[in-house]
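Novice: build me a model from this:
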Amino acid sequence: MSVDELDTRILRLLLEQPRTSAREYARLLGVARGTLQARLDQLERRGVITGSGPSLSPAALGHPVLAFVHIEVTQGHLDEVGDELAAVPEIVEAFSITGGGDLLTRVVARDNGHLEDVIQKLIGLPGVVRTRTEVALRERVPYRLLPLVESVGRTVAAR
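Specialist: Predicted coordinates:
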């Protein structure tokens, strides 16, 4: 789904100033409050905007270790293992993948010993054949969407 120039400007503001009021967004954009709200509603309905909660830091919550754990699963047990992963609080994301493994999880831990405990818990889940872990050393590009939004906006404007 494409976004137009106004959508791009709205999304930029939401990303750059997430705690600003809708009235202030409308003022900054030079549009009526109703226009802004209609656009926001449309962006939510289309699935472009998927949430509005705060972004939390696992490190600030006492879990500074980040690892990516690849999990190989017994054939036919992917859904069951996926359901079990949802019960492990240290798993902040999990994806079905292609390539070397069946699942890729993003795991946070208090320290390396805690990470080992989490991995042992994963190995013990029914249907898990093996795991492979990669520990992140330093974040080089933080999660971001503004460059993508701007790229999409430029593409739409060029048409």
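
Novice: what's the local residue count around the closest residue to residue 132 other than its chain neighbours?
Specialist: Using C-beta to C-beta, 6 or more residues apart in numbering and skipping the chain neighbours, the partner closest in space to residue 132 is residue 70 (4.4 Å). For the C-beta atoms, the positions are set from N, CA and C on the backbone; glycine is no exception. Residues lying near residue 70 (other C-beta atoms under 10 Å) number 17.

Novice: so where does residue 70 fall, helix or strand?
Specialist: strand 65-73 (DSSP states H and E).

Novice: what lines up beside that strand in the sheet?
Specialist: strand 103-109 (antiparallel), strand 128-135 (antiparallel) (DSSP bridges).

Novice: need the residues that contact it.
Specialist: 58, 81, 85, 97, 100-112, 114-115, 119, 122, 127-136, 139 (C-beta atoms under 8 Å, 6 or more residues apart in numbering).

Novice: how about 7 Å then?
Specialist: 81, 100-112, 115, 119, 122, 127-136 (C-beta atoms under 7 Å, 6 or more residues apart in numbering).

Novice: how distant is that strand from the center of its chain?
Specialist: How far strand 65-73 lies from its chain's middle: 16 Å, per C-alpha atoms, centre = their mean, to the nearest Å.

Novice: swap in stretch 18-36?
Specialist: 26 Å.

Novice: tell me which residues in it are buried?
Specialist: Residues 25-26, 29, 31, 36 are the ones in stretch 18-36 that count as buried (16 or more other C-beta atoms under 10 Å).

Novice: and for stretch 99-109?
Specialist: Result for stretch 99-109 [16+ other C-beta under 10 Å]: buried residues 101-109.

Novice: hang on, the earlier thing: pipe the strands paired with strand 65-73 into a markdown table and attach distance to residue 45 and mean pLDDT per row.
Specialist: Output for those, formatted as a markdown table (distance: least, C-beta to C-beta, whole Å; pLDDT from 0 to 100):
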| stretch | distance to residue 45 | mean pLDDT |
| --- | --- | --- |
| strand 103-109 | 28 | 98 |
| strand 128-135 | 38 | 97 |
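
Novice: out of the ones you listed, the one nearest residue 150 is which?
Specialist: strand 103-109 (25.7 Å; C-beta to C-beta).

Novice: who's in contact with the closest one?
Specialist: 58, 63, 65-71, 73, 81-82, 85, 90-97, 115, 118.

Novice: likewise for stretch 85-94?
Specialist: 58, 82, 103, 105-109, 118, 121.
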